[in-house]
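Novice: Need coordinates for the below:
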Amino acid sequence: MGDKLPTEDQLRQSFGVSRHTIRQAIGHLVEEGMVHRVQGSGTYLIGHETNSGRYQRAIGSLDEIMSWPGTTTRLLEPFRRGVSEPAIARHLGADISDVRCALVQRCYNHAPFALTRHYMVSSLADNVIERGLWETDSTIIQSAERLLPESIVSATQNIHATQAEEAESELIGCSAGDAVLLIERLYHDAGGRPVEFTTSRLNPRRYSYRMDLRRRR
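Specialist: Residues are numbered from 1 along each chain as shown. Predicted coordinates for the structure are as follows:
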């Protein structure tokens, strides 16, 4: 994770193509969440930590938050009724009876490291599953965005430290009582409407999170 790509000139000379072609290719990799640009420094790979075997993410944009390159997912529980937390319904601006929840496990190199509960209103959740839009190497929010009249443009996020519960510990490769990361995230579309609320528990021995911060000019 974090390896720096050669410069545009070096890539152009290596592959014998134009600078325009190189910029298009890098732009496509940025959109796919494979690399990220750091102004004044260069372009860097996003993905896994090759030395420790721990999956590491570099976050600098909403697109990178919505993408998990190099990982796979397993749907443990499909979207269902029965959400009991009124606060989650309030996040989504919906009645609690209209909120659905799905449970997804994420793995890197076949080792589970994250467990996420996805909350959506029933109409959107049902469409994502019924139309078969969600793929195991993608994210639910990326799939849901295809059904929305307006794109996802923002997300608010809270990160906490907590302890793994008995029921979830084995699903993220740790023991009950171990320290884990709890990340809560709420996505909004261009109209300011909430689209999805997620709660993720991650094993910090198998996952690390790096954020690239830049000053406004």
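Novice: dump the residue contacts of the residue nearest in space to the middle of the chain.
Specialist: By Cα atoms, centre = their mean, the mean C-alpha position of the chain lies nearest to residue 66, the distance being 3.8 Å. Neighbouring residues of residue 66 by Cβ atoms under 8 Å, 6 or more residues apart in numbering: 33, 139, 141-142, 152. Using the backbone N, CA and C atoms, a C-beta is placed for each residue, glycine as well.
Novice: domain ranges for the protein?
Specialist: With domains defined by automatic domain parsing, the chain comprises 8-45, 62-211.
Novice: Cross-check the contact I'm expecting between residue 148 and residue 195.
Specialist: Yes. Judged on Cβ atoms under 8 Å, residue 148 makes contact with residue 195 at a distance of 6.8 Å.
Novice: out of the two, which sits in the busier spot?
Specialist: More crowded of residue 148 and residue 195, by other Cβ atoms under 10 Å: residue 195, with 21 against 14.
Novice: how many neighbours does residue 82 have?
Specialist: Look at residue 82: counted by other Cβ under 10 Å, it has 9 neighbours.
Novice: ok, which stretches of this structure are strands?
Specialist: 35-38, 42-45, 47-48, 55-59, 72-80, 99-108, 111-121, 152-163, 179-189, 194-202, 207-211 (DSSP state E).
Novice: Which one, of these, ends up nearest to residue 89?
Specialist: Each of the strands of the chain has some distance to residue 89 by Cβ to Cβ; the shortest is strand 99-108, at 5.1 Å.
Novice: what is the mean pLDDT for that closest one?
Specialist: For strand 99-108, mean pLDDT is 93.
Novice: How about stretch 57-65?
Specialist: Stretch 57-65 carries an average pLDDT of 78.
Novice: which stretches of the chain have low pLDDT?
Specialist: Applying pLDDT under 70 to the chain flags the ranges 1-3, 31-34, 36, 38-41, 45-53, 132-137, 212, 214-217.
Novice: Which helix runs longest in the chain?
Specialist: If you go by DSSP state H, the chain has its longest helix at helix 19-31.
Novice: That helix packs against which elements?
Specialist: helix 8-15, strand 35-38 (3 or more Cβ pairs under 8 Å, 6 or more residues apart in numbering; DSSP states H and E).
Novice: Let me know the angle separating the longest one from helix 19-31.
Specialist: Calculated by axes from the mean of the first three to the mean of the last three Cα atoms, to 10 degrees, helix 8-15 forms an angle of 110 degrees with helix 19-31.
Novice: Could you check how far residue 142 is from residue 157?
Specialist: Distance from residue 142 to residue 157, counting by Cβ to Cβ, to the nearest Å: 17 Å.
Novice: again but with residue 197, I slipped
Specialist: 11 Å.
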